[in-house]
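Engineer: Show me the folded form of this:
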Amino acid sequence: MSVNCLMKAGVCAAYIIIKRNCDKRTAKSKRIWMRDYFKDNKNEFLKEIDNDDYLFKNFTRMSQIDYNILLDMIRPLITKRDTVMREAIPAEISLAITLRYLATGDSYASLSFLFKVSTQSISKIVPEVAKSICSALKDYIKDTGDWRVVANNFDKNWNFPHCCGAMDGKHVLIRCPQNSGSTFFKYKGTFSIVLFGVVDADYCFTYVNVGCQGRISDGGVFKNTEFGKRLEKNQLKLPKEEALPGRTLPIPYVLVAVDAFPLTTNIMKPFPGEITRNSPNRIFNYRLSRARRIVENAFGLLAAVFRIFRKPLELTELETAIDVVLCCIYNTCITFYESNLPPEIYTHPLVLLIRKMPVVAKLYPVHGEKRHNQTEVCNHFLQFLGNLQMMLRK
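Structural biologist: Alright, predicted model coming up:
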């Protein structure tokens, strides 16, 4: 190889090295280590509202006793160590930030000005605390009741016999997850996940399933839940068929739902189409809707307490969104029952909190739908309730 070739090769190599060094992006130095506003993050206002039970409950959506119980349970999971460079954010502040985020749905920037914590720190605190709450409270969900208790309460409070619960789905709006395409896109033009729930006569959830794609109908979500599979296989241990008072035909215990769900032996839904006024079917639909609206009211109470449900969840990770929804459900259980007595945080009968995210959901048609259960209940209403003027006007 000649000298000229070696010189040319050396020049080319030097050019490449210099070019690469010039193309390297120099690390941008931080302007400041910490803003002066965030250095004084003692949050004295939390100590001030401790003396007022009403303000504290309005701020965190739970009583001080429940707050302290929950804090003691998750403190080992969210406590950080202080370093020589800065002090860690206390566990009390982390829990308060998360509860306030769930209660209002405010942006991280708004919470940053309130608690004097940076938005970057809040973006890590909320998912971590929500996951810790779910992990700490899931072991306190007890199965201590009987379906007959739920059915008796429905008959007593809402005049619908043999009803073990009302079920429906609620779309929780989210930001489109990365690389998900149109998987979570629903027909209304938004991205969402489905919160499927079964509610008793006292507006309390007995089953929750969250995470299914928003494009799937309520019937498809129900079919792919563990609750739906157990109901189909008759593994929920529902009471045996019994005749209504004054009747002879045995009637099964059912769950009431809307038309989106299939009509089966243990699922009752309204008569379809337009129905003539003053007819037995009209009275039946009125009574069933009166019992079924409990699940709608439960979703409304959930959104009223935790207003994060009134706007899309601005969370980048789908798993975080699911943890946030479950965290609201757990805290709602605590709020409704006002436990204050550890460790029985929430001992509602027949609770099955199961998280499942089916990738594919198929809704199969239901053939041979049976209407004799509805007819028998209609006759029951006509015999024992009569043609009430309130119902005839419906």
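
Engineer: what separates the lengthiest strand in the chain from the chain centre, distance-wise?
Structural biologist: In the chain, taking DSSP state E as the definition, the longest strand is strand 163-173. Mean-position distance between strand 163-173 and its chain equals 11 Å (Cα atoms, centre = their mean, to the nearest Å).

Engineer: in stretch 60-71, what's buried?
Structural biologist: Within stretch 60-71, the residues scored as buried using 16 or more other Cβ atoms under 10 Å are 60, 61, 62, 63, 64, 66, 67, 69, 70. From N, CA and C alone the C-beta is placed, and that goes for glycine too.

Engineer: Kindly report the same for stretch 85-97.
Structural biologist: 89, 90, 91, 92, 93, 94, 95, 96, 97.

Engineer: Repeat that for stretch 262-273.
Structural biologist: Buried, per 16+ other Cβ under 10 Å, within stretch 262-273: 262, 263, 264, 266, 267, 268, 269, 270, 271.

Engineer: Just flag the most distant two among these.
Structural biologist: Maximum pairwise distance in the buried residues of stretch 262-273, criterion Cβ to Cβ, is 17.8 Å, between 266 and 271.

Engineer: will you turn the buried residues of stretch 262-273 into CSV that also has pLDDT?
Structural biologist: Shown next, in CSV, are the buried residues of stretch 262-273 (pLDDT from 0 to 100):
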residue, pLDDT
262, 87
263, 85
264, 86
266, 89
267, 90
268, 88
269, 87
270, 87
271, 82
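
Engineer: Could you single out the nearest of the residues you listed to residue 318?
Structural biologist: Using Cβ to Cβ, these come closest to residue 318 at residue 262, 28.0 Å.

Engineer: And the closest one, its phi and psi?
Structural biologist: With angles defined as degrees, to the nearest 10, residue 262 shows backbone torsions of phi -70, psi 150.

Engineer: my guess is it meets residue 219, correct?
Structural biologist: Yes: look at residue 262 against residue 219 with Cβ atoms under 8 Å: they come within range, at 6.2 Å.

Engineer: By mean pLDDT, flag the weakest helix or strand of the protein.
Structural biologist: In the chain, no helix or strand scores lower on mean pLDDT, DSSP states H and E than strand 352-353, which sits at a mean of 38.

Engineer: Now the element after the host helix or strand of residue 113, going C-ward?
Structural biologist: In the assignment (DSSP states H and E), residue 113 maps to helix 108-115. Once the chain leaves helix 108-115, the next helix or strand it forms, by DSSP H and E, is helix 119-137.
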